[in-house]
Every structure is written in structure tokens, then in C-alpha cells.
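> how would this look folded up:
(one chain, ligands or ions: 3)
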Amino acid sequence: MSQILPADHPPVQTPKIGVVLLNLGTPDATDYWSVRRYLKEFLSDPRVIETPKWLWWPILNLVILSFRPKKSGHAYAQIWDKDKNESPLRVITRNQTEALAQRLAGESNVMVEFAMRYGNPSTKSVLDKLQQAGCQKILLVPLYPQYSATTTATANDKAFEALGQMRWQPAVRTAPAYFDDAKYVEVLAKSIRDGVAALDFVPDLVITSYHGMPVEYLERGDPYHCQCLKTTRLVREHLGWDESRIMVTFQSRFGPTKWLEPYTDVTLGALPGKGIKKVAILAPAFSADCIETLEEIAMQGKETFMQAGGEQFAYIPCLNDSPDGMDMIEAMVRRELSGWL
Ligand SMILES: C=CC1=C(C)c2cc3[nH]c(cc4nc(cc5[nH]c(cc1n2)c(C)c5CCC(=O)O)C(CCC(=O)O)=C4C)c(C)c3C=C
Ligand SMILES: [Fe+2]
Ligand SMILES: [Fe+2]
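Residues are numbered from 1 along each chain as shown. Ligands and ions are numbered 1, 2, ... in the order given. Okay, the predicted model is just below:
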């Protein structure tokens with residue numbers, strides 16, 4: 001083969017398969033400008049904010065970006081991984097990537113990388129790297145258990161935007177949301193069972209707190225709300241629990257519009273008054289612990305609950321790169337790679 005190539009022919013690569021774990025993204029540092037840059041990119045995404053641009057631009061640039069970076073930067077500083085000098089979301093996503101790469105090491109010519117929708121490493125830089133390394137087939141794996149246009153779709157959009165600039169485009173598959181995947185339900189249920197068993201108290205209630213979104217998005221057809229409810233129902237059935245032991249709430253409200261209810265913070269503030277004083281809480285919409293779980297739930301949520309008269313509060317971590325969590329990701333990736341390996 002090599003003797004028929006002209007001397008100036010670009011190098012011929014061995015065909016490879018790329019697997020890209022896609023997550024949301026996070027600031028590079030906690031200072032005002034790093035957080036501002038991240039929030040600007042995030043909150044300029046029309047998949048996330050559907051307000052018409054002419055109306056949203058002044059609100060974002062003149063109001064939100066003047067105060068939110070400082071407030072969010074302070075929150076990020078409290079959860080920052082000081083050893084790695086990095087946001088937990090990126091540390092954990094990298095750990096998941098390395099663990100998956102090890103698990104797929106027996107497969108020849110598979111490369112595993114992660115990419116972020118906002119910030120670094122950018123989706124384009126990662127797809128360019130894989131294409132240049134000879135990946136002629138790429139599996140995109142949005143690490144969101146429940147589908148939403150605000151997360152899954154925009155992650156895929158960004159990847160297709162980068163692919164749109166390639167002359168020699170690889171074949172591409174996208175992994176579906178896994179909110180009802182039997183393995184996901186099994187490992188999530190196990191994380192609750194094990195998490196509760198490790199406590200020195202018996203919770204009156206387990207709360208599954210999902211990231212929220214404007215109710216309007218649900219009304220316009222986003223299936224996220226329905227998939228959240230289904231995850232919790234399947235987990236509850238797997239545990240053999242009745243409905244009184246586990247509930248669904250929605251967190252991280254942003255802006256003045258009505259978001260999915262019941263709100264996590266309002267619920268935590270009201271439960272002690274109803275006699276529910278011991279809770280365990282987890283966040284099944286997140287594949288990795290991040291500001292929304294470590295600061296908003298484990299810190300702020302705990303404070304709200306205890307100040308309202310709560311007695312015991314426990315946060316059960318996300319699946320992260322735990323062996324069970326990685327079993328689930330590996331099984332999903334192998335299934336979606338079928339016919340390619
Ligand atoms: C403004 C609208 C937002 C929608 C809609 C939204 C949906 C959504 N987000 C996640 C997952 C994550 N969100 C994270 C942070 C975050 N989310 C919003 C806003 C919306 N999210 C903001 C402004 C922020 C930044 C933090 C802050 O300033 O409060 C993160 C964590 C990132 C990190 O760095 O740790 C994740 C993950 C889901 C699943 C979702 C679905 C409806
Ligand atoms: Fe969010
Ligand atoms: Fe938040």
C-alpha cells in the first residue's frame with residue numbers, strides 16, 4: 001500500500017473508534033472572569049434559554065453577568081478540588097474517562113475521551129483530535145440519564161457543529177438517555193440501599209432531587225420531567241418501597257419564571273414542620289457530583305433543613321466513577337458500540 005502513495009500524501013492512519021463522554025462543562029477557575037466566561041457561554045445557548053435574543057441579551061450582559069459570576073465563584077470556591085486545582089465535575093468526568101478506557105483496553109483501536117459542552121476541553125477540540133488520530137467511527141455519550149433539550153440535545157448539537165466543519169467526517173452514533181435502563185436503575189437503587197445502610201440513623205424519607213427547568217419547556221414537549229418521575233418510580237419498585245418512602249423534587253431554580261415543582265429548597269424547609277426530621281437525599285440527574293449537588297444540596301440544602309428543625313440530613317453521592325457507576329457506563333457503551341467492536 002505504502003509504495004503506491006505519492007510522497008506528499010498525508011499519513012494513513014489505522015482506523016480507530018472514538019468514544020466521547022459528553023458533560024456540561026465548568027469554569028476553569030473560581031475567579032470572576034473565569035466564571036463569567038463560562039456562564040456567558042452557557043447562558044447564551046438558545047437550547048438553555050429560549051427567551052428571544054433581543055430580550056435576553058441585555059438581561060444577560062447587563063444584569064446577570066454583573067452579579068452572578070461573583071456569587072457562583074464563591075460557591076465554586078467552596079467545593080473546588082484543591083489537590084487538582086479543578087472543579088469536581090471535571091475531575092470526576094476525567095476519572096470516568098480513564099476508568100472506561102481501562103475497561104475497554106482489551107478492544108483494539110478504541111480511544112476514549114471526554115468533552116464539555118461549555119468550556120474545556122471543548123467538544124470541537126476533542127473531536128478534531130480523534131479525527132486526526134484516525135477515528136473513523138465515533139460514539140457520543142451524553143452523560144445525562146434523563147434526556148433534555150437543555151442538556152442532551154445541545155451536547156449533541158455542539159458535536160455536530162464540529163463535525164460540520166470536517167472534510168472527512170467520521171460515522172457517528174449518539175447514545176440515548178438511560179433514565180429507564182435496567183442497569184442504571186439497579187445501580188442507583190443499590191447506591192440508595194447502601195447509602196442508607198451506612199447511616200447512623202434511619203431516614204423518614206429519601207428525596208430524589210433532580211435539576212429543574214422552566215415548566216414552559218415541559219409544556220413545549222421536553223420529556224425530561226416525565227423521565228425523572230419514571231427513574232424514581234423504577235428505583236422505588238426495584239427497592240420494593242411504597243410511595244411514602246421516596247419523593248421527587250426539583251432544584252437549581254434560575255430566574256423569575258415557574259420551574260418544575262416541588263422545589264427542593266422549599267420542600268427541605270417544610271418537611272421538619274410536617275414531622276419529617278431525618279432525610280437522605282440524592283441527585284439522580286447528575287452523572288457526576290458538581291456545584292449543584294455538593295454546594296446547593298449537601299451544603300445549602302442541609303442548612304435549610306436543619307434551620308427549619310430537621311435533625312439528620314445525609315447526602316448520597318452521585319454514581320461518579322464508582323465501580324457500580326462504571327459497570328453501568330461500560331455496559332451502555334459496549335451496547336451502543338455493537339457491530340463496531
Ligand atoms: C438557566 C437555565 C438552566 C437549565 C434549563 C438547566 C438545566 C440543566 N442543567 C443540568 C446540569 C447541570 N447544571 C449545572 C450548573 C448550572 N445550571 C444552570 C442553569 C440551567 N441548567 C446554571 C446557571 C449553572 C451554573 C452554576 C450556577 O451559577 O448556579 C451543572 C454543574 C456545573 C458545574 O460546574 O459544577 C450541571 C451538571 C441538567 C441535568 C439540566 C436539566 C434540566
Ligand atoms: Fe443546570
Ligand atoms: Fe445551583
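
> quick check: the residue of the stretch 1-150 of the chain nearest ligand 1.
With Cβ to the nearest ligand atom, the shortest gap between the stretch 1-150 of the chain and ligand 1 falls at residue 26, namely 3.0 Å. Every C-beta, even on glycine, is put in place using the N, C-alpha and C of the backbone.

> is that residue in contact with residue 290, as I believe?
Yes - taking contacts as Cβ atoms under 8 Å, residue 26 lies within contact range of residue 290: 6.9 Å.

> any common contacting residues for these two?
Common contact partners of residue 26 and residue 290 (Cβ atoms under 8 Å, 6 or more residues apart in numbering): 87, 89.

> which residues touch the closest residue to residue 24 other than its chain neighbours?
Nearest non-adjacent residue to residue 24, counting by Cβ to Cβ, 6 or more residues apart in numbering: residue 117, 5.6 Å away. By Cβ under 8 Å, 6+ apart, the residues touching residue 117 are 22, 23, 24, 25, 45, 123, 151, 154, 155, 158.

> chain center to stretch 155-175: distance?
Chain-centre distance of stretch 155-175: 20 Å, with Cα atoms, centre = their mean, to the nearest Å.

> ditto for stretch 302-319
The answer for stretch 302-319 is 22 Å, by Cα atoms, centre = their mean.

> partner residues bridging the one residue in the stretch 101-250 of the chain that gets nearest to ligand 3?
Nearest residue of the stretch 101-250 of the chain to ligand 3 (Cβ to the ion) works out as residue 211 at 8.4 Å. Beta-bridge pairing for residue 211 (DSSP bridges): residue 251.

> secondary structure and pLDDT for the contacts of residue 117 - can I get that in JSON lines?
Shown next, in JSON lines, are those (DSSP: H, G, I helix; E, B strand; the rest coil; pLDDT from 0 to 100):
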{"residue": "22", "secondary structure": "strand", "pLDDT": "98"}
{"residue": "23", "secondary structure": "strand", "pLDDT": "98"}
{"residue": "24", "secondary structure": "coil", "pLDDT": "98"}
{"residue": "25", "secondary structure": "coil", "pLDDT": "98"}
{"residue": "45", "secondary structure": "coil", "pLDDT": "98"}
{"residue": "123", "secondary structure": "helix", "pLDDT": "98"}
{"residue": "151", "secondary structure": "helix", "pLDDT": "98"}
{"residue": "154", "secondary structure": "helix", "pLDDT": "98"}
{"residue": "155", "secondary structure": "helix", "pLDDT": "98"}
{"residue": "158", "secondary structure": "helix", "pLDDT": "98"}
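
> the closest residue in space to residue 124 that isn't next to it in sequence sits in which helix or strand?
Nearest non-adjacent residue to residue 124, counting by Cβ to Cβ, 6+ apart: residue 162, 3.9 Å away. Element membership of residue 162 [criterion: DSSP states H and E] is helix 154-163.

> can you give me the strands for the protein?
For the chain, applying DSSP state E gives strands covering 16-23, 110-116, 135-142, 171-174, 205-211, 246-251, 278-282, 312-315.
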